[in-house]
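S.K.: Fold the following for me, if possible:
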Amino acid sequence: MNKTVTMIASVCIALVFTAGTAMAEDKKVAAEEKKTPKPVVQIAVLLDTSGSMSGLIDQAKAQLWSIVNEFSSASRDGVRPDFQVALYEYGKDSIPSSEGYLRMICPLTDDLDKISQELFALKTNGGSEYCGRVIKAAVEGLKWSKAKNSYKAIFIAGNEPFTQGNVNYVESCKAAITMDIVVNTIHCGGYQTGVDTKWKHGADLADGSYSHIDQNRKAIHIDCPHDAKIAKLGEELNKTYIGYGANGKKRAALQIELDSSAQGSSSGSNSQRQAAKAGRNYRNDNWDLVDGIESKTVKLEDMKDEDLPEEMRKMTLEERKAHVEKLTEQRKVIQEKIKALAAERSKHIIAERKKLADKGEDTLEAVIIKAVRSQAQAREFKFDEKEK
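M.R.: Below is the predicted model of the structure:
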């Protein structure tokens, strides 16, 4: 009898211990999952702004939003990544030689309107293009993610030999890939010239892709019946933004100004911008109440009257909440309409390009999108499939 009791007790203790261990393991796994950072995509764009690169800058201005839109459909482990862009210029005489004729225009940021604004402000003039130095500056000067579930890439575009300057491009590229930063090189000129002047070697050193483009190539304009409708919806979308704080009014005005600049490049460029504004990567938490409240950056209860737009200052708290909720819902409806039209527009563009036998493969937009898709997918990112 005693043996039986002892045996039963032993079994019970073992079961309790096993269950406790399992629960501890479950908690440990849950804690580890909780610690897993959100995936992030970080891209630094390094543009040659010497005198012969006006065409490159024009392409960057017009095609930024197409590149942004590519990541609107990206995910990793079912989670949409945060998206950040940095911008450098190099090779301009007006930048002191002591600074290597280079300048960080924007650090890594999710403020896409700021990137667009700076692109439209870029001017070109002659200079010395030091690729090794600007890559080193980007590797060391930006706040790169240390998370394993990130995609980090540098895209450098220019036309002079990759070997110029007193900073060895070999060391710069090796330093980049040591931090899991891929270096993609885009030579503005012939393929073989880029190979001979070490643009391809730079990419090879850092697991990147080498491409060549004609920086002066004008994209074939394809008339789309969707462009006018998308532009109109973009205007309606802007009315759902509520500027707050010291910069709210100024940033709302900038948003409209950048719409106009995109439209000035082409109706297609503006359509891509509006599609980006309808996507998840276009966030304005730091000046727009709708985004700010949704992301919990700000609370209406804490807002001072002077930080609100004039029309909201005399409202009660409940009226303010109702006003923000109304514009939030309006924005969602407009964004869905833009997304639907943008999808139809994309199909139309693909069909028309097939007729023209134009794949658009030798533009800044095309080579960047091709590289990021391949490299991000190798890092377990997935993209929604598009019609080919």
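
S.K.: the helices in the stretch 1-150 of the chain, which residues?
M.R.: Using DSSP state H, counting those that start in this stretch, the helices of the stretch 1-150 of the chain run over 2-35, 54-70, 112-121, 131-141.

S.K.: helices or strands up against the last one?
M.R.: Counting by 3 or more CB pairs under 8 Å, 6 or more residues apart in numbering; DSSP states H and E, the packing neighbours recorded for helix 131-141 are strand 40-48, strand 82-90, strand 102-109, strand 150-158, helix 169-178. In this view, the C-beta of every residue, glycine as well, is placed from N, C-alpha and C.

S.K.: who touches the third one?
M.R.: The set of residues external to strand 102-109 that reach it, using CB atoms under 8 Å, 6 or more residues apart in numbering, is 42, 44, 84-92, 95, 114-115, 118, 122, 130, 133-134, 137-138, 141-144.

S.K.: how about a cut-off of 6 Å?
M.R.: 42, 84, 86-90, 95, 114-115, 118, 134, 137, 141-143 (CB atoms under 6 Å, 6 or more residues apart in numbering).

S.K.: now that strand, how far from the centre of its chain.
M.R.: Remark: strand 102-109 is offset 14 Å from the chain centroid, using CA atoms, centre = their mean, to the nearest Å.

S.K.: in its sheet, what does that strand sit against?
M.R.: Sheet pairing of strand 102-109 (DSSP bridges) gives strand 82-90 (antiparallel).

S.K.: likewise the fourth one?
M.R.: Partner strands for strand 150-158, per DSSP bridges, with pairing direction: strand 40-48 (parallel), strand 181-188 (parallel).

S.K.: Adding mean pLDDT and mean neighbour count, write these out as a markdown table.
M.R.: A markdown table is the format used below for the strands paired with strand 150-158 (pLDDT from 0 to 100; neighbours: other CB atoms under 10 Å):
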| stretch | mean pLDDT | mean neighbour count |
| --- | --- | --- |
| strand 40-48 | 96 | 24 |
| strand 181-188 | 97 | 27 |
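
S.K.: And those: which comes nearest Gln263?
M.R.: Ranking the strands paired with strand 150-158 by proximity to Gln263 (CB to CB) places strand 40-48 first, at 22.5 Å.

S.K.: Give the buried residues for stretch 106-124.
M.R.: 106, 108, 110-117, 119-120, 122, 124 (16 or more other CB atoms under 10 Å).

S.K.: Show me the shaky parts of the stretch 151-300 of the chain.
M.R.: The model of the stretch 151-300 of the chain has pLDDT under 70 over residues 219-220.

S.K.: mind redoing it with 90?
M.R.: Within the stretch 151-300 of the chain, the ranges that satisfy pLDDT under 90 run 214-223, 264-267.

S.K.: which residues in it form strands?
M.R.: Ranges of strands within the stretch 151-300 of the chain are 181-188, 210-213, based on DSSP state E, counting those that start in this stretch.

S.K.: which residues touch the longest one?
M.R.: So that's strand 181-188. Counting by CB under 6 Å, 6+ apart, 56, 152-157, 159, 173, 176, 194, 199, 202-203, 206-212, 215, 367, 371, 375 sit against strand 181-188.

S.K.: quick revisit: put together a markdown table for the helices and strands packed on helix 131-141, with distance to Val68 on each row.
M.R.: Converted to a markdown table, those look like this (distance: least, CB to CB, whole Å):
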| stretch | distance to Val68 |
| --- | --- |
| strand 40-48 | 10 |
| strand 82-90 | 7 |
| strand 102-109 | 12 |
| strand 150-158 | 14 |
| helix 169-178 | 23 |
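
S.K.: Can you lay out the strands of the stretch 151-300 of the chain as JSON lines showing distance to Ser75?
M.R.: As requested, those are exported to JSON lines (distance: least, CB to CB, whole Å):
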{"stretch": "strand 181-188", "distance to Ser75": "19"}
{"stretch": "strand 210-213", "distance to Ser75": "26"}
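
S.K.: now do the same end-to-end measure for stretch 307-325.
M.R.: 18 Å (CA to CA, to the nearest Å).

S.K.: could you dump the strands paired with strand 150-158 to CSV with distance to Ala228?
M.R.: Below are the strands paired with strand 150-158 laid out as CSV (distance: least, CB to CB, whole Å):
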stretch, distance to Ala228
strand 40-48, 30
strand 181-188, 33
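
S.K.: Nearest to Lys249, out of the helices and strands packed on helix 131-141?
M.R.: Comparing the helices and strands packed on helix 131-141 by CB to CB, strand 102-109 comes nearest, at 20.8 Å.

S.K.: And for Ala147, the neighbour number?
M.R.: Per other CB atoms under 10 Å, the neighbour tally for Ala147 reads 13.

S.K.: That one and Gln272: what is the separation?
M.R.: 29 Å (CB to CB, to the nearest Å).

S.K.: again, but for Lys337
M.R.: Remark: distance between Lys337 and Gln272 (CB to CB) = 16 Å.

S.K.: Give me the more crowded residue out of these two.
M.R.: Here Lys337 and Gln272 are compared on neighbour count by other CB under 10 Å; more neighbours surround Gln272, at 26 against 16.

S.K.: ok, now which ones touch the residue nearest to that one when sequence neighbours are not counted?
M.R.: Distances taken as CB to CB, 6 or more residues apart in numbering place Trp65 nearest to Gln272, at 3.8 Å, with adjacent residues excluded. Shown in contact with Trp65 (CB under 6 Å, 6+ apart): 272-273, 276.

S.K.: repeat for Gln375
M.R.: Counted by CB under 6 Å, 6+ apart, Gln375 has contacts Val182.

S.K.: Report pLDDT for it.
M.R.: We have a pLDDT of 96 for Gln375.

S.K.: Against Lys152, how distant is it?
M.R.: 10 Å.
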